[in-house]
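Engineer: Quick one: sequence plus predicted model below, questions after.
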Amino acid sequence: MKKTIISLALAATFGIFLSSCSDLMETDSELVMFQKDNTLNSPVDSVYSVMGIIYKMQKIADRTVLIGEMRGDLTTTTANASTDLKTLANFNATANNKYNRVSDYYAVINNCNYYLATVDTSLTKRNVKIFESEYAAVKAFRAWTYLQLAQAYGNVPLVTDPVLTEAKAEEEQNKTKSGITDICNYFIDDLKPYINVNLPSYGTIGGYNSKRFFIPMRALLGDLCLWAGRYQEAAQYYHDYLTLTGQEITTGTSGIYWNSTDFKNFINNYSTLFNSSNAQECQSYIPMESSEFNGITSDLKNVYNSTLDNNYFCQVEPSTALKNLSKSQRFCLVYSTNAKRDTLYAPTKNELNELFVGDLRLYANWKTNVINQSATSKYSANRQTISKINSDGITTYRTSVIYLCYAEALNRAGYPQAAFAILKCGLNSDNLSNYVDSIERTNGASLLSFSQYAFTEQNTQGVHSRGCGDSRANTYYNLPEPSKSLATYQDTVNYQIPLVEDMIANEMALETQFEGNRFFDLMRISMHRNDPTYLAKPVSERSGSKDETLYNLLLDKNNWYLPLK
Amino acid sequence: MKKTTIILMMLAASLTVAAQRDTTTFIVKGSVSDAATGDPMPGVIVEAYGNNRFSAMTNETGKYEIKVPSYISSVMMRVDGYNFQQCAIGKNHKAVNARMYTVSFSSQYNRSTVASKQKETSQFDNSSAESIDPFISDRLGADVRSVSRGANVGLGNMMLINGINSLQANTQPLIVIDGVITDMQYSRSVIHDGYYNNLLANINVNDIEKVTVLKNGTAIYGAKGANGVLLIQTKRNKSMATKIDVTINGRYDLMPKLPKMMNAEDYRLYSTQLLASTSANDISGLKFLNNDPTYYYYKQYHNNTDWTKEVYHNTFSQNYGINVQGGDDVANYNLSVGYSYANSTLKDNDFSRFNMRLNTDIELIRNLTCRFDASYSDVNRDLRDDGVSSDITNTTVTSPGLLGLIKSPFLNPYAFDVKGNQSSYLEDADNYLSEVFGSDNSLANPSSILTYGEGKNRNTLGNRTINIAITPKYNFNKHLTLYEHFSFSLINTNENYYLPISGVPAFKVNGLSSTTYVYNVAESLAGRESSISSDTRLGWENRYGVHKIDVFGGVRYLSDNYKLNIQKGYNTGNDKTPNMSSSLAYKSTDGADDKCRDITWYANADYNYAEKYYCTAGLSAETSSRFGDDADGINMFGVVWGLFPSIQGAWILSNEPWMTNIKGINYMKLNVGLDISGNDDIDYTASRTYFKANTMIGNSVDGLSISNIGNTSLKWETTKRLTAGLETNIINNRVNLQFNYFKSWTNNLLTLKQLAYTSGLSENWSNNGKLENNGFDVSATIKVLNLKNWKWQIGASAGHYINTITALPDDNKSFTTSTYGATILTQVGSPVGLFYGYKTDGVFSTTAEAKTAALYQLSESGKKEYFEAGDMKFVDLHQDNCIDENDRTVIGNPNPDIYGNISSDLTFKNWTLNAVFNYSLGNDVFNYERMILEGGCYFYNQTTAMNNRWTCEGQVTDIPRVSYQDEMGNSRFSDRWIEDGSYIRLRSLTLSYALPIRSTYLQGITFWGSAENLFTITKYLGTDPNCSSGNNVLSQGIDRGLLGSGRSFSLGIKINL
């Protein structure tokens, strides 16, 4: 009897161990959230996960600027630039370069993929799909990140499922890579259904308007179409984004301009456009932390500017090419007193400051001074401030850039007059009838409709006017016309398109200098023209003289991209 | 492995049948005498070895006669006051004579023999040590390589058994206390820098019966045994007489040897020269440079303070203990209570411990016994940061010990009043450079950190452990038993940290902007670990004539929960409010929530044939919550099991009849073994994919993102170890020689491996990499003198291992690790922990010499910076004139060639003089502290060696010029700071006297006195060559200037009632 009881007891004890091993071995933790627990079926989970994606975007934020700017022709590195930055600028960045961490892009993508695969989109509350706007926003984050990735790396694996195991990561890394056109086409289809979904809003977070953390869907679709060479669609998306009823985005009339005929005094309400991410000009941005203690900060200020952290040695300065381009613009001052009205052009030499010539935007963006400093000091005597740098956020979309892309798309879609009008006078119904002929207006009706109430003469100006005075009156700034009339209307259009595109490219340089767009703008146009010299020439001549080695290097498209590792 | 077990069992069964037929017996005769006097010894029990059913006793002439079965090959003699003696019968079984040695000598024989190799030590009397660590290092020095974690009370030693068996996971031995696997929290963090929460210091040495090192045969410890096992057994009652032991002792500790620092005038010159190398424009306004005695500030800046006196002191410690043992045939108990109060030679680092332990054995009913054990220990400490921190240049120095060395000697700890008289108020942080640097180069007043940091809620650590164990055991019959060992333990740690405002400069903190200064720090830690362990075991043993079989098997369950909360904040406002509060600035929290569960099934079989051939086979199967779901192992019951077999064999050659022809050999045992054991120190969550929340946008929201991609095949590290040993006693048992060899192969090393970039993460934990260890230990114990009154035994041991990494992840990619100023290289073909830095070749004496060499370094922006006269001449191994990372090479190896102990025990009547030496030869030490004290780049006082620094063209010296912030990296990690860490030290010298008294009330009194660390022979320049900066093997041999051990003198008394 005793033996039976004991053997029963034994069997029971051992049986418990055997049957429930896997449950017994399951542990939890309060510090991390295991995959099985992150089911994304409550609004709070969803917000945290969306913020988690933004957290990962903070890591690539600086790079979206530096990779595009350093390799362009508008800046050069100073002697004090870090080796990593120098090699990045000179197209010999290696796998170890700190600006070359492709996995950081995939970190954003993978978190998006997880969100998209997991979130319970069917969940509704009072007939409203709770996660719809976040779902669309995450799709936009993913597409935007892929666009950045493809611009920087060329052909990359297109991963759209969450990677949660090593094997899956390996498999995705080894699969056939997709180029930028394929990627854009994929995401155009991916995003289209969500075009009318509103952006999420979490109200104000830490003093920031959280609505602007999200990527504007139509603007992004415009970019994707533009890169994919789908110009008509691109122009449409940009147009629709800018003119959406109730949310119209006008160019505004901010700029830097001379306000006296002696060209000694100017008014600058241009620099303030970049003061903060809350400024009107900024449509969306990645919020950055104020100190490393709080998380991921932007280091751009230490790259561009003289700060205590870099002992006042900045690492980047405007290139000769940019200074020349800026100088070569003509500033047009429409001068009027009482009855008199006159058009003046700023002199091509100014004794006060060499930057007081041509386009004034470089002067608005870039300040230097020399301070009295002992020779042994560890601090630099030469101080530089590039006021476009704003440490609280890295802009993803801003008004003028969207207008310029709109112009590029319109031009390529066959509307060079409208495209040029964006540079010269801005678009509104009056300007359309003054600057765009009826054929173009008729053909591009849906691309060129502007509410007369929202877009007025008072809130519209050409992008060029932001730094070059009143371009409407500027006789040096005109739509290119063939010297003799061409056989057909279309021939004239075909003649104008590349020339207008050059002007747009120049305007993009003047307006978006230091913002990280230049290299990609040259790349895009070069790809559309199927002409690598369009990129190779300016970049190899950024110092003012041609660097043959660099020129030859850049004739091979493969060298445009960072090495994948 | 399974097959082997089955074959062995079958073999055993067939032998059983054979043995039952053999019933012949024979008679063994002989005499027993005292080895010292040769006098015959009556009353000695003689029994067939391993079979006490056959026994006899010697008569008054010391003769005995015993009838034993024919397979018996040796007999054993035992009597109180003498060591066991085993004696082979051999061919001439009519004269099996034995000479017995008294217990003054160490014991050479055990009552039973096992096939595996173990080494044990007991009798931890006559010492004032607070923890068992020094005994392990002094007595098992060749078996367990011990390196001190610092001389602060009870910090203990880093320990390595059988070489280094892991790279990035734990390498410290498994500690099993009274049969319970105990988590020693080896990798847990504490707030105070330079401190390690050694849980062994919670156990009173007086409570420990013995410590055993298992050198092989660790199968039942499965995935936890690869780093070796230390069994600690606490005292239990064994006799029915009530015994009361009272121990009282005190110890006087002297300050350790400290580096000789510059005096006030030398430092004034040094700091002036350093100022000249800075960008300071005008230094004429600096008050400390005005040497006019009538100057208002003259007194403030013209002292000659020895700051070490402010922070170190000679100090007294005391230990009290009482131990009561007793019982009857129903219940036995051992109760002990102890209290220790120990002071460290570093001021305000005191230790106090109260401990209580009750071990009982109760016979509940016939055949059912129960052990009930309970213990409680409460350790309280005062603490301050100690040693050089890992990034000394980024924040203010908070370690009083270091400040005591580097603080400017021309300053005074006390402030001067307006009349120029020294007041009793502590001086604030120094400001003699504030005109130039603000508070950036200001150092705290160490006396302020000690004074204002003192008190509850300031700098204290409390560590409380509770353990309760219940072990019912049922004997079905004399062969079959079943027991269940249930244990619950709780370890609570509370720590407070407070850096006062008074006397501490405003300082910067990593992560905050370079213009943000904070004024002080408050921090608190609460750690709680609760462990439940259950061990159910069924045992069976029997003897079938010549065969002896002992089998047991069972299942063990371990559950361990560890929770940690750390809070930190800056700027408490004033020194009256040291607590954590919500008003603190830059608050942060940290923590851990680690849960782990293991189940292990195990079986073990011991077999011996005729006490000549021994065999032990063991097997365990372990599963753990830390293993990945798809780990490579046996998948059963929905989880993965690792299998860990071991087999040991031993042959007692001296019991073979043919061996008795060889004169002089009394005993010889040969053993070999093969073990497969594991290391399950796997990151708790690494095998699973998880998300982590990061605070964002000014701490106002959390962002949850993928932070790990689980390696579902993550598993334990596996170590295969082959061991072989020989033990012999020769020349009438006067000499004991032991030799043990091991060779082990560890694979599946837990290492961080690069992930595919599409994962969005850089790396995760994987099982990649291999290493090997190859080593031996030898020991000899010689009874030099054995006279009636004089006995002298000397012993020596030496251990050696060679450790080699044989494979690494990512195609054997070498990697470096930066820690405490050092760069450690990990590469295939080399041992773990190599110092990897620059070689130097003196100092450029002249500009011409420097120009000729034309060596330069590249600044971060790629600018060439040329080395000039007075700069270090680094060896340009890459021969491109550029001194860069390519010129680094292996400059030192912290692994010793040989290490061990030498001991001597001399007894005269009731007097005993015991001496123990420790030594370690051939290991390199990176003197990180000296790198700071002779770096010549900050406003820190320097050692007197710096008086030889290069100051003028043509000066020939080996110390470079001073240079603020060391632009040329003259003090970079180079062979300048690598020193030979070989030493031999007289660890302790103890004289004890047992008063020859015996009355009804008093059983005995022992007086003893000892001296520790009387002398050390070493070329090492730092305080203590026996130093380790932590348990991590990648930071071995780094002297970060933690408190070194000084001489100490103890006196004690032990009363047996």
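Structural biologist: Great, that's in hand.

Engineer: Going by C-alpha atoms from here, please, whenever you check contacts or count neighbours.
Structural biologist: Noted.

Engineer: B:T912 against B:S992, yeah?
Structural biologist: Yes: here B:T912 lies in contact with B:S992, judged by CA atoms under 8 Å, at a distance of 5.2 Å.

Engineer: Next, the residue positioned nearest the centre of chain A: secondary structure please.
Structural biologist: For chain A, the residue whose C-alpha lies nearest the mean C-alpha position (CA atoms, centre = their mean) is A:T396; its distance is 4.5 Å. Using DSSP: H, G, I helix; E, B strand; the rest coil as the criterion, the local structure at A:T396 reads strand.

Engineer: again with A:T253
Structural biologist: Each residue gets one of three states, and A:T253 gets coil by three-state DSSP.

Engineer: Okay, now the unreliable bits of the stretch 301-450 of chain A?
Structural biologist: In the predicted model of the stretch 301-450 of chain A, no residue satisfies pLDDT under 70.

Engineer: all helices of it, in order?
Structural biologist: Defined through DSSP state H, counting those that start in this stretch, the helices belonging to the stretch 301-450 of chain A, from first to last, are A:320-327, A:361-365, A:399-412, A:416-424, A:429-435, A:438-443.

Engineer: Just say which of these is most tucked in.
Structural biologist: The highest average neighbour count among the helices of the stretch 301-450 of chain A, using mean count of other CA atoms under 10 Å in any protein chain shown, belongs to helix A:416-424 at a mean of 27.

Engineer: Residues touching that one, excluding its own?
Structural biologist: Contacting residues not belonging to helix A:416-424 are listed as A:403-404, A:406-408, A:410-411, A:427, A:431-432, A:435-437, A:440, A:448, A:461-465, A:471-472, A:477-479, A:493, A:496-497, A:500, A:504, A:507 [CA atoms under 8 Å, 6 or more residues apart in numbering or on different chains].

Engineer: One more: stretch B:137-151?
Structural biologist: Where contact means CA under 8 Å, 6+ apart, the residues beyond stretch B:137-151 that reach it are B:119, B:121, B:136, B:155-162, B:196, B:213, B:344, B:777-778, B:797-800, B:899-901, B:916-918, B:987, B:1026-1030, B:1042-1045.

Engineer: Let's see it as PDB, backbone CA atoms only.
Structural biologist: The C-alpha trace of stretch B:137-151 is given here as PDB (Å, rounded to 0.1, in the frame of the first residue of the first chain):
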ATOM      1  CA  SER B 137      43.000  31.400  -2.700                       C
ATOM      2  CA  ASP B 138      45.400  30.400   0.100                       C
ATOM      3  CA  ARG B 139      44.600  26.800   0.100                       C
ATOM      4  CA  LEU B 140      43.400  25.900  -3.300                       C
ATOM      5  CA  GLY B 141      45.600  28.400  -5.200                       C
ATOM      6  CA  ALA B 142      46.700  26.000  -7.900                       C
ATOM      7  CA  ASP B 143      43.200  24.600  -8.400                       C
ATOM      8  CA  VAL B 144      41.400  27.900  -8.300                       C
ATOM      9  CA  ARG B 145      43.200  30.900  -9.700                       C
ATOM     10  CA  SER B 146      42.100  33.800  -7.600                       C
ATOM     11  CA  VAL B 147      42.700  37.500  -8.300                       C
ATOM     12  CA  SER B 148      41.600  40.100  -5.800                       C
ATOM     13  CA  ARG B 149      38.700  42.400  -6.700                       C
ATOM     14  CA  GLY B 150      40.200  44.900  -4.300                       C
ATOM     15  CA  ALA B 151      41.000  45.100  -0.600                       C
END
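
Engineer: Looking at the contacts of stretch B:137-151, which are in helices?
Structural biologist: Among those, the ones falling in helices (DSSP state H) are B:I136.

Engineer: among the contacts of stretch B:137-151, which ones are buried?
Structural biologist: Burial of these was assessed by neighbour count (16 or more other CA atoms under 10 Å in any protein chain shown); the buried members are B:121, B:136, B:155-162, B:196, B:213, B:344, B:777-778, B:797-800, B:899-901, B:916-918, B:987, B:1026-1030, B:1042-1045.

Engineer: So which of those residues reach chain A?
Structural biologist: Counting by CA under 8 Å from any CA of the partner chain, nothing from the buried ones among the contacts of stretch B:137-151 sits close to chain A.

Engineer: Report the residue spans of the chain with pLDDT below the cut-off.
Structural biologist: I went with chain A, as the question did not name one. Within chain A, the stretches with pLDDT under 70 are A:1-21.

Engineer: meant chain B, my bad for not saying
Structural biologist: Those would be B:1-23, B:280-281, if you go by pLDDT under 70 across chain B.

Engineer: what about 50?
Structural biologist: Scanning chain B for pLDDT under 50 picks out B:1-22.

Engineer: show me where it has helices.
Structural biologist: Counting by DSSP H, the helices of chain B are B:2-20, B:133-139, B:264-276, B:308-311, B:400-406, B:434-437, B:446-452, B:809-812, B:847-853, B:928-933.

Engineer: hey, which of those helices is tucked in deepest?
Structural biologist: Using mean count of other CA under 10 Å, the stretch among the helices of chain B with the greatest mean number of neighbours is helix B:400-406 (a mean of 25).

Engineer: ok, and what's touching it?
Structural biologist: With contact meaning CA under 8 Å, 6+ apart, helix B:400-406 is reached by B:259, B:261, B:306-312, B:346, B:384-388, B:397, B:443-447, B:449-450, B:933, B:940-942, B:1041, B:1043.

Engineer: Apply 6 Å and report the result again.
Structural biologist: Around helix B:400-406, the neighbours that count as contacts under CA atoms under 6 Å, 6 or more residues apart in numbering or on different chains are B:W307, B:T308, B:P446, B:Y940, B:N941.

Engineer: wait, doesn't the residue nearest to the centre of chain A sit right on A:S284?
Structural biologist: Yes: using CA atoms under 6 Å, A:T396 is in contact with A:S284, at 5.4 Å.

Engineer: Let me know how buried A:N369 is, in neighbour terms.
Structural biologist: As a burial measure, the neighbour count of A:N369 was computed by other CA atoms under 10 Å in any protein chain shown and equals 9.

Engineer: For it, give me its contacts.
Structural biologist: A:N382, A:R383.

Engineer: Name the residues of the stretch 401-550 of chain B found near chain A, please.
Structural biologist: Contacts of the stretch 401-550 of chain B with chain A, taken as CA under 6 Å from any CA of the partner chain, map to B:G511, B:L512.

Engineer: which residues in the stretch 401-550 of chain B form strands?
Structural biologist: Counting by DSSP state E, counting those that start in this stretch, the stretch 401-550 of chain B has strands at residues B:414-416, B:422-426, B:460-475, B:480-499, B:521-544, B:547-570.

Engineer: Make TSV from those strands and add mean neighbour count to it.
Structural biologist: Written out in TSV, the entries for the strands of the stretch 401-550 of chain B read as follows (neighbours: other CA atoms under 10 Å in any protein chain shown):
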stretch	mean neighbour count
strand B:414-416	18
strand B:422-426	14
strand B:460-475	20
strand B:480-499	21
strand B:521-544	20
strand B:547-570	19
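
Engineer: need the ones you listed in TSV with distance to B:E47, can you?
Structural biologist: Rendered in TSV, the data for these read as follows (distance: least, CA to CA, whole Å):
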stretch	distance to B:E47
strand B:414-416	76
strand B:422-426	75
strand B:460-475	26
strand B:480-499	25
strand B:521-544	16
strand B:547-570	16
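
Engineer: Now do the phi/psi pair for residue 178.
Structural biologist: No chain was given, so I picked chain A. A:S178 adopts backbone torsions of phi -110, psi 150, taken as degrees, to the nearest 10.

Engineer: residue boundaries of the strands in the stretch 101-250 of chain A?
Structural biologist: Secondary structure of the stretch 101-250 of chain A, counting by DSSP E, counting those that start in this stretch: strands at A:124-125, A:128-129, A:156-157, A:177-178, A:204-205, A:208-209.

Engineer: Name the nearest residue to the residue of the stretch 301-450 of chain A found nearest chain B, sequence neighbours excluded.
Structural biologist: Closest approach between the stretch 301-450 of chain A and chain B, counting by CA to the nearest CA: A:S377, at 4.3 Å. Using CA to CA, 6 or more residues apart in numbering or on different chains and skipping residues adjacent in sequence, the residue nearest A:S377 is B:S279, 4.3 Å away.
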